[in-house]
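Participant: 3D, please:
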Amino acid sequence: MKFSEKWLREWVDPPISTHELVAQLTGAGLEVDSVEPVAPALEGVLVGEVRSVAPHPNADRLTVCAVHIGEETPLTVVCGAANVREGLRVPVATIGARLADGSRMKRTKIRGWESLGMLCSTQELGLTELGLGEEETAGLMALPDDAPVGKPLSEYLALDDASIEIDLTPNRGDCLSVAGIAREVGVLNRCPVSAPATDEVRATLPDEFPVELQSPADCPRYVGRVIRDIDPAAKTPLWMRERLRRGGVRAIGPVVDVTNYVMLEFGQPLHAFDLDTLNEGVQVRRANPDEALLLLGGTRVTLHPDTLVIADARGPMALAGIMGGEETAVTNTTRHIFLESAFFTPKALAGQARRYTLHTDASHRFERGVDWGLQRTATERATALLLAIVGGEPGPVIEALSPSHIPQPTQVPLRASRLRRLLGVSFPSDTVLDVLTRLGMATVADDGAMDKNAWRVTPPGFRFDIALEADLIEEVARVTGYNTIPDLRPILPLTPHKASEATVSLARMRETLVARGYREAITYSFVDPDILSLIDPDAPSLVLQNPISSEMAVMRTTLLPGLLQALIHNTRRQQPRIRLFESGLVFHRQDGEPLQERVLGAIVTGGAFAEQWGMPAREVDFFDMKSDVESLLSLTGRAEDYRFVRFPDSSTHFGALHPGQGALIERGGRPMGWIGNLHPRIIRELKLTGNILVFEIKLMELESGTRPEYTPLSKFPAVRRDIAVVVDQSISSDSVQDCIRQAATGMLRNMTLFDEYRGEGIDAGKKSLAFGLLFQAASRTLQDGEIDGLVTGMMAALQDRLGAIPRV
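Facilitator: Sure thing, here's the model as predicted:
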């Protein structure tokens with residue numbers, strides 16, 4: 001929000017300097033971004049009137065002018081401007097005047113003729129940014145005919161002013177106007193606020209234009225007025241153009257300038273239609289399928305069915321609350337207008353401007369909330385200004401209203417105990433009530449509350465941001481001043497959190513993966529629906545109502561889309577070996593309700609090892625990533641509880657994995673993740689190459705470990721025996737190992753699968769698995785016969801349960 005300080009001080013004028021005002025606004029949560037003078041400091045430059053113009057006797061292109069500046073004797077000034085003429089009112093730099101570049105005006109002779117001053121252009125005064133028309137800045141700076149002769153120019157143009165720009169947070173839409181800022185300044189300084197008169201303008205015509213609210217939930221109030229016979233040749237007065245410029249708005253023409261002026265003044269956007277282009281009344285409705293609109297500036301847009309439009313019998317003529325249409329725009333030949341002032345709900349406008357890549361001053365205000373009671377006031381104010389500038393005959397104010405859809409005030413509870421708890425300091429009840437009353441809030445005592453001092457507070461219609469008790473507490477704190485709240489030590493006990501020894505922290509998992517050569521990636525939860533459908537086409541995803549862009553329109557159901565995009569990014573930058581992991585939330589629908597889940601995922605491609613001389617280069621494969629996952633599972637202290645199993649059927653198979661090179665990660669029969677090679681179809685679609693391995697594990701499962709228990713080291717020797725068995729190919733090595741552990745009766749300290757063989761000497765459909773078994777007792781030395789008995793028992797159990805036979 002940008003505004004003129006002088007304009008603000010016409011509303012409220014506290015006895016403080018500009019510097020103090022800026023500090024006060026920032027301290028109250030309205031952060032001032034910049035303060036800039038509207039013009040250079042000028043001294044001795046007066047408004048003058050050219051009384052006569054005569055040719056210079058010694059120069060063809062110069063003239064000698066008699067200039068009246070309010071004194072008895074006119075000044076003689078030599079001038080070379082082409083637009084000098086008798087009767088022209090113009091800035092005059094008198095002897096001793098200081099100009100924009102800091103130089104002082106001196107008495108000079110020009111071609112033998114003494115000049116006692118200088119008639120000035122905007123460039124010489126440093127006023128090129130002033131809100132003047134082309135004819136006023138071509139050559140000498142032409143002032144209006146009613147400019148007071150002899151008055152200092154800086155005083156006449158109010159150049160002793162500053163443009164203040166405030167960086168408002170989205171919740172403070174009530175401050176997007178001079179009126180809103182004035183309210184705040186008045187509250188902070190206990191000063192009265194004087195708004196300009198907005199008396200009812202009497203209608204001089206009976207003309208009305210019908211308005212129909214077809215979508216009252218989106219627009220419960222619409223105010224309009226017909227004004228006929230305006231002067232299309234009228235010009236916007238300089239004072240208004242200057243206030244617009246100092247508010248960051250470009251002057252266009254008197255009708256549009258008035259609507260913009262009232263918007264800056266009161267915060268209510270308005271729009272003016274050329275009445276002659278309208279047909280059979282105004283309709284406020286949602287767009288119909290396949291409707292289009294030619295916007296101001298010549299851009300044609302196809303309208304989405306949920307877009308709110310202002311239409312007539314022929315079709316849409318404006319995007320409601322955003323931008324008008326080209327075909328109904330006011331031009332320099334318009335004689336009759338229809339003035340619109342409406343209340344569009346923030347929900348109806350949310351995301352609409354972004355959808356059409358538009359951002360206007362009007363949409364900026366409507367999205368944040370406009371006072372629903374302001375429309376008639378703004379209409380009367382705009383009408384009075386228009387009649388004063390362009391003339392015309394106004395009709396009666398037309399109002400379409402749907403009372404049941406008007407926002408109803410809600411009472412917000414406030415307790416003194418809660419205020420004290422959040423701010424750490426007690427405020428007297430009188431202070432709290434005084435602050436809330438000055439902010440325009442109605443308060444009543446809440447006798448039914450358990451708290452002795454409690455109130456129910458009704459915020460005014462322009463404060464859309466007051467909905468919670470914390471909002472009211474914030475208001476009390478910022479108005480009384482954050483710097484007045486004393487520094488106090490926390491009164492609550494700070495008990496350090498004790499992490500369970502059985503909990504595996506995410507930090508340990510990260511450290512483990514980093515130690516194995518991974519780097520952490522952080523990606524958006526919003527993903528491209530095209531990539532998500534390529535990876536996980538059957539997942540019921542959550543679609544965003546107002547996405548940042550079409551490429552971030554759905555919530556991720558897996559971490560894979562973000563990791564893949566990170567891999568593509570690195571691959572395009574010639575990274576030969578990529579190992580990335582990420583932890584975060586994924587989102588699903590379960591029984592129609594959104595569900596979020598914390599997971600840990602990773603993606604790998606390139607060489608299994610960094611390039612070196614000590615071992616041959618090879619590409620990463622399934623078992624490399626399986627080893628990384630097993631290192632994570634070992635953190636839980638019960639890695640043997642986890643199983644890597646085939647997907648039971650195609651319905652449970654994760655579609656992003658290669659059909660024959662993927663596995664479920666289970667514990668106790670419950671799926672807790674998946675691992676495998678990326679599907680060749682996805683690799684092809686994304687124009688990638690080589691092996692790409694991925695995994696994803698539920699963090700809740702992985703964080704639950706076992707409490708470490710102390711086990712003393714055995715003093716007795718260990719004995720190793722190797723066995724090899726032949727089993728069906730459908731039997732996993734995990735099943736074989738489980739059977740061996742159960743038969744070992746506690747003497748087995750370690751077991752390693754060191755060989756798998758299929759080929760000559762092994763029947764078709766069979767495979768040979770070889771295990772190294774390490775036996776050790778805690779209290780004695782094991783005898784060979786005892787170990788032989790254990791091995792014999794293991795082989796018998798394998799044969800009985802799995803049909804295994806010894807390989808000899």
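Participant: does Pro196 sit in a helix, a strand or a coil?
Facilitator: Three-state call for Pro196 (DSSP: H, G, I helix; E, B strand; the rest coil): coil.
Participant: compute the number of surrounding residues for it.
Facilitator: Pro196 is flanked by 13 other residues according to other Cβ atoms under 10 Å. For glycine as for every other residue, the C-beta is placed from the backbone atoms N, C-alpha and C.
Participant: all strands of the stretch 351-500 of the chain, in order?
Facilitator: Secondary structure of the stretch 351-500 of the chain (DSSP state E, counting those that start in this stretch): strands at 393-394, 398-401, 412-415, 442-445, 454-458.
Participant: oh sorry, the question was meant for the stretch 101-250 of the chain
Facilitator: Counting by DSSP E, counting those that start in this stretch, the strands of the stretch 101-250 of the chain are 108-110, 113-115, 117-119, 162-167, 211-213, 221-228.
Participant: return the set of buried residues in the fifth one.
Facilitator: By neighbour count with 16 or more other Cβ atoms under 10 Å, strand 211-213 contains the buried residues 211, 213.
Participant: helices and strands around it, which ones?
Facilitator: Here strand 211-213 touches strand 221-228, strand 282-286, strand 398-401, going by 3 or more Cβ pairs under 8 Å, 6 or more residues apart in numbering; DSSP states H and E.
Participant: pairing partners for the second one, with directions?
Facilitator: Each strand that strand 282-286 pairs with, and the sense of that pairing, follows from DSSP bridges: strand 211-213 (parallel), strand 308-312 (antiparallel).
Participant: got the angle for the last one vs strand 221-228?
Facilitator: Put simply, strand 308-312 runs at 40 degrees to strand 221-228, going by axes from the mean of the first three to the mean of the last three Cα atoms, to 10 degrees.
Participant: quick one on the thing from earlier: out of the helices and strands packed on strand 211-213, which is closest to Ile682?
Facilitator: Ile682 lies closest to strand 282-286 among those, at 39.3 Å (Cβ to Cβ).
Participant: which SSE is immediately downstream of the closest one?
Facilitator: strand 292-294 (DSSP states H and E).
Participant: list the buried residues of whatever helix or strand comes next after that following strand.
Facilitator: Scanning forward in sequence from strand 292-294 by DSSP H and E, the next helix or strand is strand 300-302. For strand 300-302, burial by neighbour count (16+ other Cβ under 10 Å) applies to Val301.
Participant: so for strand 300-302, mean pLDDT?
Facilitator: The pLDDT scores in strand 300-302 average 93.
Participant: can you get me a residue count around the residue lying closest to Leu436 once chain neighbours are set aside?
Facilitator: Nearest non-adjacent residue to Leu436, counting by Cβ to Cβ, 6 or more residues apart in numbering: Thr443, 5.3 Å away. By other Cβ under 10 Å, the residues close to Thr443 number 16.
Participant: over to Thr236?
Facilitator: Residues near Thr236, counting by other Cβ under 10 Å: 22.
Participant: got it, and the one 3 residues further on?
Facilitator: If you count neighbours by other Cβ under 10 Å, Trp239 ends up with 14.
Participant: again with Ala445
Facilitator: Neighbour tally, Ala445, other Cβ under 10 Å: 12.
Participant: mind putting the strands of the stretch 101-250 of the chain in a markdown table, mean pLDDT included?
Facilitator: Converted to a markdown table, the strands of the stretch 101-250 of the chain look like this (pLDDT from 0 to 100):
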| stretch | mean pLDDT |
| --- | --- |
| strand 108-110 | 88 |
| strand 113-115 | 89 |
| strand 117-119 | 93 |
| strand 162-167 | 94 |
| strand 211-213 | 95 |
| strand 221-228 | 96 |
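Participant: among those strands, which is nearest Pro680?
Facilitator: Taking Cβ to Cβ, strand 162-167 is the member of those nearest to Pro680, at 51.3 Å.
Participant: may I see the buried residues of stretch 187-198?
Facilitator: So for stretch 187-198, counting by 16+ other Cβ under 10 Å, buried means 187-189, 191, 195, 198.
Participant: wait, which of these is closest to Pro616?
Facilitator: When the buried residues of stretch 187-198 are compared for distance to Pro616 (Cβ to Cβ), Leu188 wins out at 75.4 Å.
Participant: identify the residues contacting the closest one.
Facilitator: 14, 24, 28, 479 (Cβ atoms under 8 Å, 6 or more residues apart in numbering).
Participant: from those, which would you call buried?
Facilitator: For the contacts of Leu188, buried by 16+ other Cβ under 10 Å: 24, 28, 479.
Participant: and the residue nearest to Leu436, how far is that from Gly96?
Facilitator: 60 Å (Cβ to Cβ, to the nearest Å).
Participant: sorry, back to before: deepest-packed of the helices and strands packed on strand 211-213, please.
Facilitator: Of all the helices and strands packed on strand 211-213, strand 221-228 carries the top mean neighbour count, a mean of 24, counting by mean count of other Cβ atoms under 10 Å.
Participant: show residues contacting that one.
Facilitator: 205, 207-209, 211, 213, 275, 282, 284, 335-343, 372, 375-376, 379, 383, 386-387, 392-402, 406.
Participant: how about Met747: what's its closest non-neighbour residue?
Facilitator: Spatial nearest neighbour of Met747, excluding adjacent residues (Cβ to Cβ, 6+ apart): Phe775 at 5.0 Å.
Participant: the one you found: what's it in contact with?
Facilitator: Listed by Cβ under 8 Å, 6+ apart, the contact set of Phe775 reads 718-721, 744, 747-749, 782, 787, 790.
Participant: likewise Gly392?
Facilitator: 227-231, 386.
Participant: adding distance to Val412, write these out as JSON lines.
Facilitator: Listed next are the contacts of Gly392 as JSON lines, based on distance: Cβ to Cβ, whole Å:
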{"residue": "Ile227", "distance to Val412": "41"}
{"residue": "Arg228", "distance to Val412": "46"}
{"residue": "Asp229", "distance to Val412": "49"}
{"residue": "Ile230", "distance to Val412": "46"}
{"residue": "Asp231", "distance to Val412": "50"}
{"residue": "Leu386", "distance to Val412": "40"}
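Participant: quick check: of these, which lies closest to Thr307?
Facilitator: Sorting those by distance to Thr307 puts Ile227 at the head of the list, at 28.2 Å, by Cβ to Cβ.
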